[in-house]
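predicted structure and sequence below. I'll ask about it afterward.
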Amino acid sequence: MNQELPERLIDESMRRVDGRKPDELRPIKIEVGVLSNADGSAYIEQGRNKILAAVYGPKEVHPRHLSLPDRALLRCRYHMAPFSVEERKSPAPSRREIELSKVIREALEPAIFLERYPRTAIDIFIEILQADGGTRCAGITVASLALADAGIPMRDLVVACAAGKVDGTIVLDLNDVEDKLGEADLPVAVMPSLNAVTLLQMDGLLTLEEFEQAINLAIDGCKRIYKLQKEALKAKYLAIKEEVEE
Amino acid sequence: MNQELPERLIDESMRRVDGRKPDELRPIKIEVGVLSNADGSAYIEQGRNKILAAVYGPKEVHPRHLSLPDRALLRCRYHMAPFSVEERKSPAPSRREIELSKVIREALEPAIFLERYPRTAIDIFIEILQADGGTRCAGITVASLALADAGIPMRDLVVACAAGKVDGTIVLDLNDVEDKLGEADLPVAVMPSLNAVTLLQMDGLLTLEEFEQAINLAIDGCKRIYKLQKEALKAKYLAIKEEVEE
Amino acid sequence: MNQELPERLIDESMRRVDGRKPDELRPIKIEVGVLSNADGSAYIEQGRNKILAAVYGPKEVHPRHLSLPDRALLRCRYHMAPFSVEERKSPAPSRREIELSKVIREALEPAIFLERYPRTAIDIFIEILQADGGTRCAGITVASLALADAGIPMRDLVVACAAGKVDGTIVLDLNDVEDKLGEADLPVAVMPSLNAVTLLQMDGLLTLEEFEQAINLAIDGCKRIYKLQKEALKAKYLAIKEEVEE
Amino acid sequence: MTFSLSVSRIKQRQIAKLIADGKRLDGRGLTDYREIKVEKGVIERAEGSARVYLGRTQVLVGVKIGIGEPFSDRPNEGVLTVNSELVPLASPEFEAGPPGEESIELARVVDRGIRESGAIDLEKLCIIPGKKVFIVFVDIYVLNHDGNLIDASAMAALAALLNTKLFNYEVVDGEVKIKPGFTKLPIRNYPIAITSAEIGGKLVVDPWLEEEEVMNSRITLIFEKDGRICAIQKGGGGTLTKDQIIEAAHIFQKKAEELRKLVVES
Amino acid sequence: MTFSLSVSRIKQRQIAKLIADGKRLDGRGLTDYREIKVEKGVIERAEGSARVYLGRTQVLVGVKIGIGEPFSDRPNEGVLTVNSELVPLASPEFEAGPPGEESIELARVVDRGIRESGAIDLEKLCIIPGKKVFIVFVDIYVLNHDGNLIDASAMAALAALLNTKLFNYEVVDGEVKIKPGFTKLPIRNYPIAITSAEIGGKLVVDPWLEEEEVMNSRITLIFEKDGRICAIQKGGGGTLTKDQIIEAAHIFQKKAEELRKLVVES
Amino acid sequence: MTFSLSVSRIKQRQIAKLIADGKRLDGRGLTDYREIKVEKGVIERAEGSARVYLGRTQVLVGVKIGIGEPFSDRPNEGVLTVNSELVPLASPEFEAGPPGEESIELARVVDRGIRESGAIDLEKLCIIPGKKVFIVFVDIYVLNHDGNLIDASAMAALAALLNTKLFNYEVVDGEVKIKPGFTKLPIRNYPIAITSAEIGGKLVVDPWLEEEEVMNSRITLIFEKDGRICAIQKGGGGTLTKDQIIEAAHIFQKKAEELRKLVVES
């Protein structure tokens, strides 16, 4: 029930608790199109995070009066499985989950051509099956692929990654222990090809200089993950192509 | 966390715990038109009570099927701030707040020409910022002013005041300690110029004679507060007049 | 607060804790048409169970969008009074009550000509005033009579009874103690004249042979209660006839 | 809908007209109650219970006894909890779900009558001061709603409390152990609620459903055994005059005496 | 909508017609299961976990172990709690919010299979009698709904329990201290659920979504390791004959044996 | 509706056009705050309180102190709880009921500013390690919503905390006894939130309601007393550039210094 917590988060050779260098991402595995019912879906593993995203829509809005005359209604639910964390989480949405659902929706919204689907709804569901720090960022990364898989037209993929400060050092892509014991966590989402930040939050303490350093590192991480996103999409389409040609 | 409670509520010279005579009201301060968003609003301090009321409407009814074909739907919410009482109150409405919302709505309803606004809603919100006994009465007094400030046509202002029995004596306008330790509390609301009682409740023990004495004293208190209501309304309109004429 | 529990559930002369033989029903008392507001109602006592059922409908559906174009919407609420069991039950519906409401609805549904009343609703309310084991079965038996009393056309009455295993013996119509301490409980509902099982559940451990024996016994019990149902209906109509002829 | 509205208006005028002449649609006089039947002990598994029929209105009250903590400001007193459920079986107007304002008002008015009259000697329900006390759960269960739920519920609650038994117990090492046998719940007062509807300027006692549908307002007075008022509740969006209320108080006081006898002796 | 309704009616007739001939739309025989894949230990942070694929139906079960109080009537036993979430990611029919009747039924049927078969030796989960016991939280998480959630969930729950580890601990001064290392959760039985849909008078095992949409009713039998039935649940508003049920019981018993092997050995 | 929509679009263009020229509809410059008024100690029965007026926006914060258990992973620290209520009195947009996402975000952003800056010395609020600590309830009560609730709420929360008194107490036999008199709540940092709206590519500080209605996105930075950022929250479905954000950070830092003086010295 209780994790053993390390005394130091970065050792003398600048290695982090999981052996990474300060500017190193955790191993990432992405798969697109993993669920048969959803209109689009994707799965990501980033470190020990395991996250599934699904998209339904554009579809009719229920209840009707919520529909918007000039664009699609975008809804998002970030949700943690009861077994995804150290102590079992109650299934009812926590205040944290409600806030994250909001900021994730707002992070994805600028990418979608919502005005093309007035009076419809697009629903994004993000399920955290296992949590290991940085779930909101990985959730945005994978949800953006589920949107693409659903064929929803987008300005760019949205990709997210955190930077932060741990034992006095600015590091990339914090894991659970670094998040809990570190000095600051700065999750950032961007549309890389548009140079646009769509999510920005911060907890902790950073000077303006450290902040600038951290946001640059986070955006750099985003760009590296962006490549993996595009590869995963390509892999999906190749698979389909092969299927069709078989 | 624990108030110190006095042993006697009325001393040998017939003075109450706060120095008042049995038939004396607490100091009252009223202001009309204190919020910019509401259609009407008012604020009252009565002893240590601090209460804000706002009125929205007549306005469209949501959900639609609640609207009435022959008159306006009157809704009322009496609500206590978590910090208004000794021990922090949970924000969820208590059974007491639900009952008081009902009786306050029924106390104000006879004053309003609801039949003039069919298929609309009038919403009354009463927020108890600090509670010191007699909040339902002061809430009615101030809500009635918020209705007038919203320009809702009324048969008369509704004004409320409690009488009760404390250390064997019938007294006017009980404060928190008198309410808790006294023998009876009798809140009354009236439309003074129509000689009509619109709210009547009682807790405690009163003989028929004491009851008659108490209801007479309460109505007398109401009439005194009625004057203060009208002065507060006048002050508001003088202020507006000055503003216009400047 | 604590019932004293017996050591043995069946004695050497094959008598059960309440003196019954293994294949004996508890005393049953049924009355039809006991509430003036409901469209149909009935009351049953089976052992110490005391259960009231009421039916409203066919009637308009609220909210509208729940109505079905080709048949009536059947709704069912199985609910226990707070004082019906050993420890006071919270009034909020428990998971058990929600499941039982579902299986009872599904047990009654096959009997009703729902297709004759498209776009309407039929509501069945079952209130357990006192519980003594076997409430779902007695609830089905009495709800079926309330449906008949409401004049809802049915293929047959539905009647239910449990069999089970207690101290190694297959027995009929388990009471509370037998249910709690016994080895298996098998509630069954049937439409006797149609040879159709409409409810079947089981908890406990039974070999296939025991299962076959138990289901036969349960259905036999159902047929005996079916006679009592019909007598109760007749009694109601005789009473009406007398009233009319008086 | 239009049809039923106008029917109701015609009936409304008819009811009001009759009442103006001192008569009622069901033949009663203005201060007459419907037939009252009180049955005690109808739910054997509850520690106390009673069913009251007031004409076609039917209310069942069950009392359960639990053990729990006292309120911090009353460490030496047992706890009284009154709830009411307007189950949808009882009326087409009632809906399943958490209690609405009508149900909460009903429970709170009955609660006030019991509490303010000191009907239960709560100090005798203290087991270990500040730690363990008996909790008295009074659950009002309306089975058929044909008007005047307050009076029927208050009578049923009193009858159920009069019928309530308390476990014997002993305290061993700070733990409460239940012992065989029971004592009676200590009841020392008998609050009785009397309700009238105001229709066309007149008060009619014990309104049935059709009268409640047309009334302007409602007034309930609860009297304790010595004739003192222990609770009042006005309901409905109409008005009353002070004189109406004071006159009613004298009439109701006598009425309460009659009903008390009926409930206590049942 | 009209369009999809008539499509569904055509499909319904087609499915029923095929079944009458002993065939199914996806090519299976009437008593064939879809392809089953069981993966244990997929969520490392949970004390136990398993994912089951039943054709395109996908269910994840996670087991968490907590410490809490036993039920007062079972002071020497650990507590088993089974919940299910039909998250909206899994189907256009599922909605966020508190569990509905379908979700509650699913959890309770899986719970009954585990509980009635005695699958978990709950007495071994007692830490301090009457005070502290292990709580086993079994959370069913449906990821893709393509029919027969009960069988998939029951398999996933059993597989996850077989994969569950328990903390080592010691009791020091009445407080539980976690010690390094783990033991296995004591499992002593292996309940397997077998479900059929009744369509046009015939029972088809392991219905997929399109069959569930046209079935009249559903019957689930859960068998423990020695072939005894430990739970039954009929679902849906149709009927079955006693003979159908008894015949099914014999067929299902054999089927359960096959599936049990697959789950235990996975 | 159509009418009000087009009005809003005209106003939107007008607001954006003005801002492009460095002006605002209410005459302020792009980095100007509206008039700020801070009143401390307005609710005497609360342990701490303050009301902040930000133009016509009005926020009341009350602080209550309770005693409860610490979090198991922080046995030596008091507990901070921040809640916000957007009561329907404050705006036609607000509805009664459980807090929505906007209300939760507001409370959590204010919470992060207080928590991450270490504003309250929580270790000094420990009474009996692992058992009893002080709980600080910060309740944000919005009374009139005319935009920029975050900054107004954060200021009111800080002002209320600065004004909060703590009971004196002693621990006797493991029980906490309240003694007469008070001490001050130990405050050691002063977080200040600065919020801008992005409209037409420009950032305007302290947006009022009409600006919030037309903004693309919103950015809040909270600064602690030494000028470090302790929390950031971007809101709204628009985008910002990194350069915009970094430039804003420098401007906001100075702004925060000004506001801090105003709140602390009020």
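All right, it came through fine. Numbering: from 1, shown residues only, chains lettered A, B, ... in the order given.

name the helix or strand for the residue of chain A found nearest chain E, please.
In chain A, no residue comes nearer to chain E than residue A:83, which is 2.6 Å away by C-beta to the nearest C-beta. Bear in mind the C-beta positions are built from the backbone N, C-alpha and C, glycine included. Assigned by DSSP states H and E, residue A:83 belongs to no helix or strand.

distance of the residue of the stretch 51-200 of chain D found nearest chain E relative to residue E:51?
Nearest to chain E, among the residues of the stretch 51-200 of chain D, is residue D:175, at 10.4 Å (C-beta to the nearest C-beta). Going from residue D:175 to residue E:51 by C-beta to C-beta, to the nearest Å gives 46 Å.

same question for residue D:253.
Taken as C-beta to C-beta, the span from residue D:253 to residue E:51 is 73 Å.

quick check, pLDDT for the nearest residue in space to residue A:66 that is not next to it in sequence.
Of all residues not flanking residue A:66 in the chain, residue A:73 sits nearest, at 6.0 Å (C-beta to C-beta, 6 or more residues apart in numbering or on different chains). For residue A:73, the model assigns a pLDDT of 97.

got a list of what residue A:73 touches?
Contacts of residue A:73 were listed using C-beta atoms under 8 Å, 6 or more residues apart in numbering or on different chains, and they are A:61, A:66, A:67, A:120, A:121, A:122.

distance of the third one from chain C?
To tie it back to what came earlier, the one meant is residue A:67. Taking C-beta to the nearest C-beta, to the nearest Å as the measure, residue A:67 falls 15 Å from chain C.

I figured that residue was touching residue A:61, is that so?
Yes: using C-beta atoms under 8 Å, residue A:67 is in contact with residue A:61, at 3.9 Å.

which neighbours do the two share?
Counting by C-beta under 8 Å, 6+ apart, the shared contacts of residue A:67 and residue A:61 are A:73, A:119, A:120, A:121.

is the strand or helix carrying the last one anywhere near chain E?
Spelled out, it's residue A:121. Using DSSP H and E, residue A:121 maps to strand A:120-130. Yes: Strand A:120-130 comes into contact with chain E (C-beta under 8 Å from any C-beta of the partner chain), by way of A:123, A:125, A:127, A:129, A:130.

let me know the secondary structure of residue D:74.
For residue D:74, the assignment made with DSSP: H, G, I helix; E, B strand; the rest coil gives coil.

contacting residues around it?
residue D:122.

list phi and psi for it.
Main-chain dihedrals, residue D:74, degrees, to the nearest 10: phi -140, psi 60.

and it, what pLDDT?
pLDDT, residue D:74: 94.

what parts of chain D come near chain B?
So chain D meets chain B at D:99, D:101-102, D:104-105, D:107-108, D:112, D:116-117, D:217, D:219, D:224, D:227-242, D:245-246, D:249-250, D:253 (C-beta under 8 Å from any C-beta).

which among these end up buried?
D:99, D:102, D:104-105, D:107-108, D:112, D:116-117, D:217, D:219, D:224, D:228-240, D:242, D:245, D:249, D:253 (16 or more other C-beta atoms under 10 Å in any protein chain shown).

list the ones among those residues that fall in helices.
Judged by DSSP state H, those include D:102, D:104, D:105, D:107, D:108, D:112, D:116, D:242, D:245, D:249, D:253 as members of helices.

verify the stated contact: the last one with residue D:223.
Yes: using C-beta under 8 Å, residue D:253 and residue D:223 qualify as a contacting pair, with a distance of 5.8 Å.

quick one: pLDDT of the one residue in chain A that gets nearest to chain B?
Proximity of chain A to chain B (C-beta to the nearest C-beta) peaks at residue A:65, 8.2 Å away. What the model reports as pLDDT for residue A:65 is 86.

likewise for residue D:1?
30.

who's residue D:51 bridged to?
Assessed by DSSP bridges, residue D:51 has beta-bridge partners residue D:39, residue D:60.

okay, and for the stretch 101-250 of chain D, where does confidence drop off?
Applying pLDDT under 70 to the stretch 101-250 of chain D flags no residue at all.

near chain C, which residues of it?
Checking the stretch 101-250 of chain D against chain C by C-beta under 8 Å from any C-beta, the hits are D:137, D:139, D:141, D:143, D:144, D:145, D:146, D:167, D:178.

tell me which entries of those residues lie within strands.
Among those, the members found in strands (DSSP state E) are D:137, D:139, D:141, D:143, D:144, D:167, D:178.

contacting residues for the residue in the stretch 101-250 of chain D positioned nearest to chain C?
Nearest to chain C in the stretch 101-250 of chain D, going by C-beta to the nearest C-beta, is residue D:139, at a distance of 4.4 Å. When contacts are counted by C-beta under 8 Å, 6+ apart, residue D:139 touches C:81, C:82, C:83, C:88, C:91, D:61, D:62, D:63, D:64, D:83, D:84, D:85.

next one, pLDDT for the last one please.
It refers to residue D:85. 97.

pretty sure it is touching residue D:138, no?
No: using C-beta under 8 Å, residue D:85 is not in contact with residue D:138; the gap is 11.8 Å.

more neighbours: which of these two?
residue D:138 (28 against 21; other C-beta atoms under 10 Å in any protein chain shown).

what's the nearest residue to that one if we skip its chain neighbours?
residue D:82 (4.5 Å).

which element is the one you found on?
strand D:79-85.

now the angle from that strand to strand C:120-130?
Between strand D:79-85 and strand C:120-130, the angle comes out at 150 degrees (axes from the mean of the first three to the mean of the last three C-alpha atoms, to 10 degrees).

ok, strand D:79-85: who's next to it in the sheet?
Strand D:79-85 is paired, per DSSP bridges, with strand D:132-144 (parallel).

and the partner strand, how far out from the chain middle?
The chain centroid and the centroid of strand D:132-144 are separated by 12 Å under C-alpha atoms, centre = their mean, to the nearest Å.

show the low-confidence segments of chain A, by residue range.
A:1-4, A:246.

in it, what residue is nearest chain D?
residue A:92 (16.4 Å).

let me see the ranges of the strands in the chain.
Let's take chain A. Counting by DSSP E, the strands of chain A are A:28-32, A:40-46, A:49-60, A:73-80, A:120-130, A:159-166, A:169-172, A:184-191, A:196-206.

switch to chain D, that's the one I care about
Using DSSP E, strands in chain D cover D:36-40, D:48-54, D:57-68, D:79-85, D:126-128, D:132-144, D:165-172, D:175-184, D:192-199, D:202-205, D:217-223, D:229-235.

what residues of stretch A:101-120 count as buried?
For stretch A:101-120, using 16+ other C-beta under 10 Å, the buried residues are A:101-112, A:114, A:117, A:120.

now, which of these lie within helices?
Per DSSP H, the buried residues of stretch A:101-120 map to helices at A:101, A:102, A:103, A:104, A:105, A:106, A:107, A:108.

mind picking the two most distant members of the residues of the stretch 101-250 of chain D next to chain C?
Greatest spacing in these, by C-beta to C-beta: D:146 and D:178 (40.4 Å).
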